[in-house]
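In: Give the three-dimensional model of this entry:
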Amino acid sequence: MKILITGAGGFIGQFLAREFLKDPSNQLVLTDIVNLAVPKGSLNPQNAKLVKADLSQDQSVITKDLSAVYLFHGIMSSGSESNFDLGLRVNLFTTLRILEAIRQVAPGIRVIYASSEAVYGRPYPEIITEDIIPTPEGSYGAQKLMCEVLINDMTRKGFIDGLSLRLPTISVRPGSPTAAATSFVSGIIREPVQGKECVVPIKDRSFPSWVCSPKTLIVNLIHALALPSDALPSHKRAINAPGLLVTIQDMMDALAKVCGEDKLLHIKEVEDPELGKILHSFAWKFNNKLALSLGFRPDTSFENAVRDYVEFLEFEKNPS
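Out: The predicted model follows:
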């Protein structure tokens, strides 16, 4: 297969590319607005083509021989909220241009769009499923929802074969802190493990988050590629990807159990009203019956996510 991954400089794109490159029959096109490298430790690195491009201006990476596209480019939640014009340009307008290029150049191919639980807004029902009408409270969620609607319609028309995966907060996310309001959900593990301070913007340790580990996310993204086109109605292509409910206390307990009580000394709790406003707008009570019925996989525990991250750090030191 020949697969295009946008936003491929991010950790999701890098993890997914490394997994796809295990199969020598796969050809990848990795594109981002920043300089790229083939993921460290990849098998068959010669099968990855790296393209630095501004997809809002240049859609030449869309070619007629593509088999599938993963859309990961974007401006995160707090970044979209603080800079409306940038979020609109990257999250909405660029996605629309890419989808139109696919329609013109490579119609009918599978398109997997990384949407978000941020499409939901208060008041929440007791349990959230895909039957609940999304009413986003932030610009990020609104932009994601608009792209979802177009993907639904373009799939109904046969222009693409689209799926929108509404992703939970991914933890433990490697790398540096991001412009996501939920960045601390990874930082609460990532920074202390490396002897760095993490500032948690909410003092309430019972605050809940709906999370998914990177390892499980990659399994589900690959599963989405093989999902039969008729598994969902052609006009309803959004799926709430499986998640795991954890509180700040749960995350701290997992950190202490896996990495030692001393790591908790690197956590600083400081109430941030602006970030808190965004964080409290996110949903956290989901029933993933649709995703599970389609074969998507759930995480089993947050402790395993912490162990996965520790293993990732060891891999980074010696990827061979």
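In: Show me the helices in the chain, by range?
Out: With DSSP state H, the ranges of helices along the chain come out as 11-20, 77-82, 84-87, 94-105, 139-156, 184-193, 214-226, 248-259, 273-279, 289-293, 302-317.
In: packing partners for the shortest one?
Out: So the one you mean is helix 84-87. On a contact count with 3 or more Cβ pairs under 8 Å, 6 or more residues apart in numbering; DSSP states H and E, helix 84-87 meets helix 77-82, helix 139-156. For the C-beta atoms, the positions are set from N, CA and C on the backbone; glycine is no exception.
In: closest to residue 257 out of those helices?
Out: When the helices and strands packed on helix 84-87 are compared by Cβ to Cβ, helix 77-82 sits nearest residue 257, at 29.1 Å.
In: Residues touching the closest one, excluding its own?
Out: The contact list for helix 77-82, computed with Cβ atoms under 8 Å, 6 or more residues apart in numbering, reads 86-87, 91, 116, 118, 138-141, 143, 179-182, 275, 278.
In: what about the residue nearest to residue 106 when sequence neighbours are not counted, neighbour count?
Out: The spatial neighbour of residue 106 that comes closest, neighbours along the chain excluded (Cβ to Cβ, 6 or more residues apart in numbering), is residue 66 at 4.7 Å. For residue 66, the neighbour count with other Cβ atoms under 10 Å is 20.
In: Next up, the contacts around residue 66.
Out: Shown in contact with residue 66 (Cβ under 8 Å, 6+ apart): 2-4, 29, 102, 106, 109.
In: and which of the residues you listed is nearest to residue 23?
Out: Nearest to residue 23 among these, with distances taken as Cβ to Cβ, is residue 3, at 10.5 Å.
In: Hmm, residue 23 and the closest one touching each other?
Out: No. Contact between residue 3 and residue 23 fails when scored by Cβ atoms under 8 Å: they sit 10.5 Å apart.
In: quick one: which of those two has more around it?
Out: residue 3 (21 against 11).
In: okay, now the nearest residue to the more buried one once chain neighbours are set aside: neighbour count?
Out: Sequence neighbours aside, residue 68 is the residue nearest to residue 3 in space, at 5.0 Å (criterion: Cβ to Cβ, 6+ apart). By other Cβ under 10 Å, the residues close to residue 68 number 17.
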